[in-house]
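Student: give me the fold of what follows.
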Amino acid sequence: MHIPENYLSPATCATMIAAMAPVWYVSAKKVKVQIQKKKENLVQLGIGASLAFLIMMFNVPVPGGTTAHAVGSVLLAILLGPWAACLSVSLALVLQAFLFGDGGILCIGANAFNMAFVMPFVGYGIFLLCKKIFKKHGDQIGAFAGGYIGIVAGAFVCAVELGLQPILFKNAMGNPLYCPYPLKVTIPAMVGVHLIIGLVEGGITLGVYSYIKKVAPQTIYNSLDYAQVTKVKHKWAKAIVPIIVIALILCPLGLIASSPAWGEWSGVQILTQLKKYHLPTIMPQGLKDSSHYHALFDGYTIPGMSHGISLALGYILCAISAIVIFLLIAKIIEAFTSKNIDGE
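Tutor: Numbers count the residues shown, from 1 in each chain. Below is the predicted model of the structure:
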């Protein structure tokens, strides 16, 4: 669901960043209140970003010869709150784009809108609704349903963003300048893929939520009054760190599905897909002429470690580097926040 560079027009990218700006602002304000009540939330935000990052590294093959992955946004919304989930997933997306070349730099606003806003808020709303409707196991039903519907909703919005490009942005000959696939192609393709991957998203959300509820229920968002919670930081770490470690060890499994995700093609692959969908096999000018950003660890690979066991090891090292960065950012913000609070 990561929209690559040059698939969206500059105008669309600017619009989506403008749309996300107030969301990020409100999220920061809401999370600041959470941190003032419970400073441990900052570490949880870093760990949450790490968890979302790891979940997105597990590519799964889907019918049609493409791949997809879960996101973890709804899981974080349930555990940390939707506003905190928005910031955590946004942080993960920014790092993926700049350091690993996963998703376009200019498309960060659109990708965040889909995966850090639509997905967690829709999913969390479904979670709360199911808790009210079902008297028994409502939260567990809601965890699965929220994860499933949340990722499908995010995929639908992504499909609309892509499908509008050939309608709104054409050259003098009437050919698309950016994403060449119309709505009649993008919506069935994106939604269809995520109706399948939604089962994985729902399963992960349900599984991790059920585990945390069993071993550290007081760490779940709104489970108790923040002022009454003690030693939450240690209980959160004790509960979530084993999940992080297991995901870290198993993340090279994401290399098995090596095909690109739907809509994340380049070069000859684009022309092949255009032919498949009976569209004019003309490379969009925006994709052909635009410059491409080359990330330091493009494709989650480390230079010199691109084959066999070294490839898998490099994949793990990329994941470790991301986790370290997330935790360092959380620690820096925690130190800065503590000084401000003490100064008051």
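Student: CA atoms only: put stretch 184-193 into CSV for me.
Tutor: The C-alpha trace of stretch 184-193 is given here as CSV (Å, rounded to 0.1, in the frame of the first residue of the first chain):
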residue,chain,number,x,y,z
LYS,A,184,-12.1,0.7,-12.6
VAL,A,185,-8.8,-1.0,-12.3
THR,A,186,-7.3,0.4,-9.0
ILE,A,187,-10.4,-0.1,-6.8
PRO,A,188,-11.0,-3.8,-7.6
ALA,A,189,-7.3,-4.6,-7.6
MET,A,190,-6.4,-2.8,-4.4
VAL,A,191,-9.5,-3.8,-2.5
GLY,A,192,-9.4,-7.3,-3.7
VAL,A,193,-5.8,-7.9,-2.6
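Student: okay, buried residues for that stretch please.
Tutor: By 16 or more other CB atoms under 10 Å, the buried positions in stretch 184-193 come out as Val185, Thr186, Ile187, Ala189, Met190, Val191, Gly192, Val193. For the C-beta atoms, the positions are set from N, CA and C on the backbone; glycine is no exception.
Student: how about the contacts made by Ile55?
Tutor: Neighbouring residues of Ile55 by CB atoms under 8 Å, 6 or more residues apart in numbering: His69, Ala70, Val71, Gly72, Leu75, Ile204, Ala247.
Student: I figured the fifth one was touching Tyr211, is that so?
Tutor: No: here Leu75 does not reach Tyr211: they are 10.8 Å apart, not a contact under CB atoms under 8 Å.
Student: neighbour count for these two, which is higher?
Tutor: Leu75 (31 against 14; other CB atoms under 10 Å).
Student: re the thing from before, show the buried residues in the contacts of Ile55.
Tutor: Neighbour-count burial within those applies to His69, Ala70, Val71, Gly72, Leu75, Ile204, Ala247; the criterion is 16+ other CB under 10 Å.
Student: let's have these in JSON lines, adding distance to Tyr293, secondary structure and pLDDT.
Tutor: Listed next are these as JSON lines, based on distance: CB to CB, whole Å; DSSP: H, G, I helix; E, B strand; the rest coil; pLDDT from 0 to 100:
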{"residue": "His69", "distance to Tyr293": "21", "secondary structure": "strand", "pLDDT": "94"}
{"residue": "Ala70", "distance to Tyr293": "25", "secondary structure": "coil", "pLDDT": "95"}
{"residue": "Val71", "distance to Tyr293": "22", "secondary structure": "coil", "pLDDT": "96"}
{"residue": "Gly72", "distance to Tyr293": "25", "secondary structure": "coil", "pLDDT": "95"}
{"residue": "Leu75", "distance to Tyr293": "29", "secondary structure": "helix", "pLDDT": "96"}
{"residue": "Ile204", "distance to Tyr293": "30", "secondary structure": "helix", "pLDDT": "96"}
{"residue": "Ala247", "distance to Tyr293": "27", "secondary structure": "helix", "pLDDT": "94"}
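Student: what stretches of the stretch 101-250 of the chain score poorly on pLDDT?
Tutor: Where the stretch 101-250 of the chain drops to pLDDT under 70, the residues are 223-234, 236.
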